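**Student:** Show me the folded form of this:
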Amino acid sequence: MQHELSLLQQFAGTFLKDVNLGVILLNTSFELIDISDMACRVLGLHREQVLHLPMERVFAALPAEHQLFNRSILDGMVVRNHALSWTLGEERYELLMDSNVLRDGTGDVVGAYIIFKDVTNLRSLEEQVQRSDRLAMIGQIAAGTAHEIRNPLTSIKGFLQVLRKTFEDQGMRRESGYTDVMLAEINRINELVNEFLLLSKPKHAAMEEVDVSQVLRDILPIINNEAILHGVIVRYEAMLDLPRVIADRELLKQVFLNIGKNGIEAMGEGGYLTLSERVDMEERKVSIDIHDTGPGIPMFVIDKIFDPFFTTKEQGTGLGLSVCQRIIHDIGGYIRVSSKGYGTTFTVSIPFP
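**Tutor:** Below you'll find the model as predicted:
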């Protein structure tokens, strides 16, 4: 019996330290009695600083809606596979949580446990498959109809330009103004058709070794010009000897420009846009973090921003981020976004050979 107890104690210690699970043990006073290394890493806690503290104090700095756990756990509220999001700094985690009470031999409640698993990569893959299916369908429709839309538009645009010239020659300024409005609207339709075509998988992407740092330096003047118009300051944090990736240089420029401009527009007037480079040698990925100091993205919106046609802009098509997602997915990478009340970070991660 003593040997079995020792084995169980050894397993419990190893479980908390080595297993890739978030584990939190609570007593009946709702105090944190023990916590696993993985839980500390994801929640941004230091074990020695939080042991034996009430859970309200552990997460005292967070608003009520971000409190992960409440006392109802001790009342016997069982949780199974509860999905929740957690943001730590610029990282956003998707967690799957279980919780239940702990009872002694007589059935009395002596505490509770919370266990969670980081399923960020799994959720990301699932969303990627769903979005790819939707984008593929939209791309097929776009490819089949874009030229049919463009042909009559070209004719209409040509005749309108002739009419405008005639009106100008005859001094009919009001009528000429009408044609200007119509031509501007036709150009808008053409831009929408162009974005439709980008949703279909690029057929002639020029895949080559690309220096991501050089791509960012190439587009910085464009982003800076946009930033000046909004009173935004752009910061670029480069990294020496960033590994080269296999991608289409021009399509990468499109991704970084789109996300950068979105960040600038989100801030309104003033703020900072930071582009920083980093590399994960273990996962062999180059990552670019694009961080703005805007108002942030509400949680009920953040999961929809990559959906085709979803937009919060009055003049937006809702296709920009969908196109960016498609471009990065096609080279084996991913785009993630994290936002926690203030500021938003888009992370573009691309594998390198």
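**Student:** quick one: residue 38 is in a helix?
**Tutor:** Yes - counting by DSSP: H, G, I helix; E, B strand; the rest coil, one finds residue 38 located in a helix.
**Student:** tell me which element the spatially closest residue to residue 321 that is not a sequence neighbour falls in.
**Tutor:** In this structure, residue 321 finds its nearest non-sequential neighbour in residue 306, 5.1 Å apart by CB to CB, 6 or more residues apart in numbering. (Each C-beta comes from the backbone N, C-alpha and C, glycine too.) Assignment of secondary structure by DSSP states H and E places residue 306 within no helix or strand.
**Student:** Hmm, residue 306 is touching residue 335, no?
**Tutor:** Yes - contact status for residue 306 versus residue 335: in contact at 7.4 Å, counting by CB atoms under 8 Å.
**Student:** Common neighbours of those two, please.
**Tutor:** When contacts are counted by CB atoms under 8 Å, 6 or more residues apart in numbering, residue 306 and residue 335 are jointly contacted by 321, 325.
**Student:** before we move on, back to that, distance of the residue nearest to residue 321 from residue 337?
**Tutor:** Distance check for residue 306 against residue 337: by CB to CB, to the nearest Å, it reads 8 Å.
**Student:** Kindly report the same for residue 344.
**Tutor:** Applying CB to CB to residue 344 and residue 337 gives a distance of 7 Å.
**Student:** Between these two, which has more neighbouring residues?
**Tutor:** Relative neighbour count places residue 344 above the other of residue 344 and residue 337, with 24 against 19, counting by other CB atoms under 10 Å.
**Student:** Next up, the contacts around the more buried one.
**Tutor:** For residue 344, the residues meeting the contact criterion (CB under 8 Å, 6+ apart) are 263, 266, 291, 292, 294, 296, 297, 337, 338.
**Student:** Of those residues, which pair is most distant in space?
**Tutor:** When the contacts of residue 344 are compared pair by pair using CB to CB, the farthest-apart members prove to be 266 and 338, with a separation of 14.0 Å.
**Student:** on that earlier part again, next, show the common contact partners of residue 344 and residue 337.
**Tutor:** With contacts taken as CB under 8 Å, 6+ apart, residue 344 and residue 337 have residue 297 as neighbours in common.
**Student:** Strands along the stretch 201-350 of the chain, start to end?
**Tutor:** If DSSP state E, counting those that start in this stretch is used as the criterion, the strands of the stretch 201-350 of the chain fall at 207-210, 233-237, 245-248, 272-280, 285-292, 334-339, 344-351.
**Student:** can I get those in TSV with mean pLDDT and distance to residue 165?
**Tutor:** As requested, the strands of the stretch 201-350 of the chain are arranged in TSV below (pLDDT from 0 to 100; distance: least, CB to CB, whole Å):
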stretch	mean pLDDT	distance to residue 165
strand 207-210	88	45
strand 233-237	93	42
strand 245-248	90	40
strand 272-280	93	43
strand 285-292	93	44
strand 334-339	86	46
strand 344-351	92	45
